[in-house]
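>>> Give me the fold of what follows.
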Amino acid sequence: MKLEQSVLRAKENKQKLFAEYHVYISDLVAGYAALVNILEANGAMVTTISHKLIARAKILRRDALKIVDNHVLVCTESGEDKTVRDKFREEVKETEFKWGIYLSDWIMTSVLRQQIIEDAKPWAIKA
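Numbers count the residues shown, from 1 in each chain. Reported below is the predicted structural model:
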């Protein structure tokens with residue numbers, strides 16, 4: 001895939017690739033501020049989550065739950081993000097939404113291709 005093709009596809013998509021997604025990004029993800037800009041430019045709702053999340057804090061925004069059906073956490077595989085991953089799983093399982101936990105490469109590859117990568121095995125986080 002060439003960058004020129006990606007830009008043309010982005011124009012065709014009218015910058016709405018992630019329009020049906022609310023993406024939560026851990027502040028430990030390298031370059032998370034740039035990822036926020038990239039996601040917003042592609043139509044996503046984005047919330048940055050502190051890796052120092054306290055147990056009683058909520059991750060999922062109730063106002064956003066009614067707007068989109070896809071809720072995604074982008075984080076690192078580090079132990080420092082384990083609390084965020086566990087809390088996200090706990091909250092999202094109480095809903096009927098589509099969800100996933102991914103590395104930032106999933107975002108970048110999807111944006112480059114201008115197609116959401118459904119089979120995200122190399123970038124999905126299980127633990």
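
>>> neighbours around Lys11, how many?
10 (other Cβ atoms under 10 Å). Where C-beta positions appear, they are placed from N, C-alpha and C, glycine not excepted.

>>> do you know how far it is from Lys87?
Taking Cβ to Cβ, to the nearest Å as the measure, Lys11 falls 37 Å from Lys87.

>>> just Tyr24 next, same as before
10 Å.

>>> and for these two, which residues touch both?
When contacts are counted by Cβ atoms under 8 Å, 6 or more residues apart in numbering, Tyr24 and Lys87 have Ile59 as shared neighbours.

>>> Comparing these two, which residue is more hemmed in?
Tyr24 (23 against 20).

>>> So in terms of bridging, what pairs with the more buried one?
Counting by DSSP bridges, Tyr24 is bridged to Thr47, Leu73.

>>> Give me the nearest residue to Leu39, chain neighbours excluded.
Val46 (4.9 Å; Cβ to Cβ, 6 or more residues apart in numbering).

>>> so how many other residues sit close to the one you found?
18.

>>> Assess the claim that it and Ala34 are in contact.
No: taking contacts as Cβ atoms under 8 Å, Val46 lies outside contact range of Ala34: 11.7 Å.

>>> Low-confidence ranges, the chain, go.
1-4, 6-7, 55, 63-65, 127 (pLDDT under 70).

>>> Grab the most central residue of it for me.
The chain has Val23 as the residue nearest its centroid, 3.5 Å off, counting by Cα atoms, centre = their mean.

>>> residue contacts, it?
Per Cβ under 8 Å, 6+ apart, neighbours of Val23: 39, 44-47, 72-74, 107.

>>> can you do 7 Å?
Going by Cβ atoms under 7 Å, 6 or more residues apart in numbering, Val23 touches 39, 44, 46, 72, 74.
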